[in-house]
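**Student:** Sequence unavailable; structure follows:
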């Protein structure tokens, strides 16, 4: 397909997701132009999904497009930001024009579900992958960083963990788990509550132990987790919940909080239940029921 | 190499290019946080270079890193914007850790040369490519679009064309041309002059005839080019200048201008010479010395 014809077709698939009153220039010029709310700062991140590494080569474009958007937007949620727009760079083999259109449909669905606009992108020929740069905003100075957790804070997660890992273990053939892998929900519903109350936050893309470890290293602290308090997706294992990634729930810390307990708590100003799973203290590293984690933090880049 | 060790090493290579007083949060959190100048709009674009498609697989990381930055930043120049920051997503085969560090050095060099900051990025494993999302700003409402050219406007280019194409024709083995391919300069020096005076602008990535065609279609106009007026890079051919891409000079239109002439003109308020090469009129398409271009605009996506 001619590049420009394919770009026009992708633009059409984006539909209403490619139009915003806050976007004076969208798809079709050298750059997009966007307006930021007054007094806000810009929050930006980029993520890449590679065929064969991050999704099966035969996965449907629609599923990959939806998931790629949510995975990328999750980094905005982890800062307490509200989404504004994305740029989508697709690398596409020759025979993947139809796949790209399905990808665009899935991306548009995720954009409309989260109030995000698709401002532009790029098409290049090569081995299949998609990089999405996501951009949001928050009131100046209110970003929730990884580095400001304090000793004595309670550690929370925003939902059940391990479902996406269980789905991968089943080869994405267990319909009870598959939506946890293919249809993660970037927890942008928590952005307002996180800002001003959370001392630190991160999204769980690589597994609870790995990602909580980033908060601990950035803040110079240790954490004691209580395994019975960790919400495990029905049918998944504690191992899935501790070490499996891809759920895209948030892990965050609150200074004035009740401490770890078994089960959800309803905090004032939060839109739904959250799960206290442990406590921060001086030191470094993680304990689970008083013992070291069974797996190391080493990870080859993927 | 461990992913996180490689990210730390890349961060170190970025050096001063990864620090800015306008960037409260940089590399190392879920997202970067940037401040926009008051009263400005955000200008954003994304570009991808794929090994084997956009650069030779054995090209040095430093050259690719420098060029990838300039190619991407060129889209900000074409809007009349000033650069703020970039996000860099690299897809890397297993054995390319050192290459990635060289890429980072080249990207940092381009960042420092243009006053751009490296705010974050992503590393993924897979076939070699780099996608760079670039972000700049301009006073609200002043973006130079493709669509506002007017009949009677004079068409200009910002410098000599065809050098990068001649370099590619020589297999990147002619040292007289190679810098035009590997070391393009995003014409951000023209941003101030373009805003408010240019009716339309585009960067020449795919060749003058192709890219000027985008302005013509967006503005609903035709253009008559005078071949003798087109500045040709020494040693390149008129064909290189008309149809060869990769020079990353700008093509722009001015309403009150002297008309095409042979040679550079010095316009008040512009930092250097520019080259009038033709005139816009009602209609569609391009003529060169009164004849249709010898090549069609069709292009498979690359």
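**Tutor:** That came through, no problem. Values in this document were obtained by computation on a predicted structure and should not be read as measured data.
**Student:** how about the strands in the stretch 1-150 of chain A?
**Tutor:** In the stretch 1-150 of chain A, strands defined by DSSP state E, counting those that start in this stretch lie at A:32-34, A:40-50, A:82-92, A:117-125, A:129-139, listed in chain order.
**Student:** could those strands go into TSV alongside distance to chain B?
**Tutor:** Every residue, glycine included, has its C-beta placed from N, CA and C. Written out in TSV, the entries for the strands of the stretch 1-150 of chain A read as follows (distance: least, Cβ to the nearest Cβ, whole Å):
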stretch	distance to chain B
strand A:32-34	5
strand A:40-50	4
strand A:82-92	4
strand A:117-125	4
strand A:129-139	4
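**Student:** CSV please, covering the ones you listed and showing mean neighbour count.
**Tutor:** As requested, the strands of the stretch 1-150 of chain A are arranged in CSV below (neighbours: other Cβ atoms under 10 Å in any protein chain shown):
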stretch, mean neighbour count
strand A:32-34, 27
strand A:40-50, 25
strand A:82-92, 26
strand A:117-125, 25
strand A:129-139, 28
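**Student:** would JSON lines of those with mean pLDDT be doable?
**Tutor:** Putting those into JSON lines (pLDDT from 0 to 100) gives the following:
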{"stretch": "strand A:32-34", "mean pLDDT": "96"}
{"stretch": "strand A:40-50", "mean pLDDT": "98"}
{"stretch": "strand A:82-92", "mean pLDDT": "97"}
{"stretch": "strand A:117-125", "mean pLDDT": "96"}
{"stretch": "strand A:129-139", "mean pLDDT": "98"}
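**Student:** Return the list of strands paired to the helix or strand residue A:281 falls within, each annotated with direction.
**Tutor:** Here residue A:281 sits within strand A:275-282, counting by DSSP states H and E. The sheet places strand A:275-282 alongside strand A:154-157 (antiparallel), strand A:221-225 (antiparallel), with pairing taken from DSSP bridges.
**Student:** Which SSE is immediately downstream of it?
**Tutor:** strand A:285-288.
**Student:** Just confirm yes or no for that next one near chain B.
**Tutor:** No - contact check for strand A:285-288 against chain B, using Cβ under 8 Å from any Cβ of the partner chain: none in range, with a minimum separation of 15.6 Å.
**Student:** Got the domain ranges for chain A?
**Tutor:** Here the domain assignment for chain A is A:3-139, A:154-288, based on automatic domain parsing.
**Student:** which non-adjacent residue is nearest residue A:267?
**Tutor:** residue A:274 (6.4 Å; Cβ to Cβ, 6 or more residues apart in numbering or on different chains).
**Student:** Contact partners for the one you found?
**Tutor:** Residues touching residue A:274, when contacts are defined by Cβ atoms under 8 Å, 6 or more residues apart in numbering or on different chains, comprise A:156, A:157, A:158, A:264, A:265, A:267.
**Student:** let's see it at 10 Å
**Tutor:** Taking Cβ atoms under 10 Å, 6 or more residues apart in numbering or on different chains as the criterion, residue A:274 is in contact with A:154, A:156-159, A:190, A:193, A:231, A:249-250, A:252, A:254, A:257, A:264-267.
**Student:** Return the residues in contact with the most centrally placed residue in chain A.
**Tutor:** When chain A is reduced to its mean C-alpha position, the nearest residue by Cα atoms, centre = their mean turns out to be residue A:74, at 2.5 Å. For residue A:74, the contacting residues are A:45, A:47, A:134, A:184-188, A:202-205, A:247-250, B:30-31, taking Cβ under 10 Å, 6+ apart as the criterion.
**Student:** Now list the buried members of these.
**Tutor:** Buried positions within the contacts of residue A:74, assessed by neighbour count (16 or more other Cβ atoms under 10 Å in any protein chain shown), are A:45, A:47, A:134, A:184-188, A:202-205, A:247-250, B:30-31.
**Student:** gap between stretch A:60-79 and the chain center?
**Tutor:** 6 Å (Cα atoms, centre = their mean, to the nearest Å).
**Student:** oh, I was asking about stretch A:281-292
**Tutor:** Taking Cα atoms, centre = their mean, one finds the center of stretch A:281-292 at 26 Å from the center of the full chain.
**Student:** buried stuff in it?
**Tutor:** Neighbour-count burial for stretch A:281-292, with 16+ other Cβ under 10 Å as criterion, is recorded at A:286, A:287, A:288.
**Student:** Among the residues you listed, which one lies nearest to chain B?
**Tutor:** Of all the buried residues of stretch A:281-292, residue A:286 has the smallest distance to chain B: 15.9 Å, by Cβ to the nearest Cβ.
**Student:** confidence score at that closest one?
**Tutor:** The model reports residue A:286 with a pLDDT of 97.
**Student:** swap in residue A:262?
**Tutor:** 70.
**Student:** wait, is it part of a strand?
**Tutor:** No - counting by DSSP: H, G, I helix; E, B strand; the rest coil, residue A:262 is not found in a strand; it is coil.
**Student:** quick one on the thing from earlier: which one of the strands paired with strand A:275-282 lies nearest to residue B:10?
**Tutor:** strand A:221-225 (25.8 Å; Cβ to Cβ).
**Student:** Name the surrounding residues that touch that closest one.
**Tutor:** Counting by Cβ under 10 Å, 6+ apart, residues outside strand A:221-225 touching it are A:149-153, A:155, A:200, A:208-209, A:212-213, A:215-216, A:242, A:251, A:253, A:260, A:277-290, A:293.
**Student:** and it, how far from the chain's centre?
**Tutor:** Here strand A:221-225 is found 23 Å from its chain centre; the criterion is Cα atoms, centre = their mean.
**Student:** per-residue confidence averaged over the next helix or strand after that strand?
**Tutor:** With elements assigned by DSSP H and E, the helix or strand that comes after strand A:221-225 is helix A:238-243. Averaged over helix A:238-243, pLDDT sits at 96.
**Student:** quick one on the thing from earlier: are any of the contacts of residue A:274 buried, and if so which?
**Tutor:** In the contacts of residue A:274, the ones that pass as buried (16+ other Cβ under 10 Å) are A:154, A:156-159, A:190, A:193, A:231, A:249-250, A:252, A:254, A:257, A:267.
**Student:** could I get these as JSON lines with pLDDT and secondary structure?
**Tutor:** Formatted as JSON lines, the buried ones among the contacts of residue A:274 follow (pLDDT from 0 to 100; DSSP: H, G, I helix; E, B strand; the rest coil):
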{"residue": "A:154", "pLDDT": "96", "secondary structure": "strand"}
{"residue": "A:156", "pLDDT": "97", "secondary structure": "strand"}
{"residue": "A:157", "pLDDT": "97", "secondary structure": "strand"}
{"residue": "A:158", "pLDDT": "98", "secondary structure": "coil"}
{"residue": "A:159", "pLDDT": "97", "secondary structure": "coil"}
{"residue": "A:190", "pLDDT": "98", "secondary structure": "helix"}
{"residue": "A:193", "pLDDT": "97", "secondary structure": "helix"}
{"residue": "A:231", "pLDDT": "96", "secondary structure": "coil"}
{"residue": "A:249", "pLDDT": "97", "secondary structure": "coil"}
{"residue": "A:250", "pLDDT": "98", "secondary structure": "strand"}
{"residue": "A:252", "pLDDT": "98", "secondary structure": "strand"}
{"residue": "A:254", "pLDDT": "96", "secondary structure": "strand"}
{"residue": "A:257", "pLDDT": "56", "secondary structure": "coil"}
{"residue": "A:267", "pLDDT": "91", "secondary structure": "coil"}
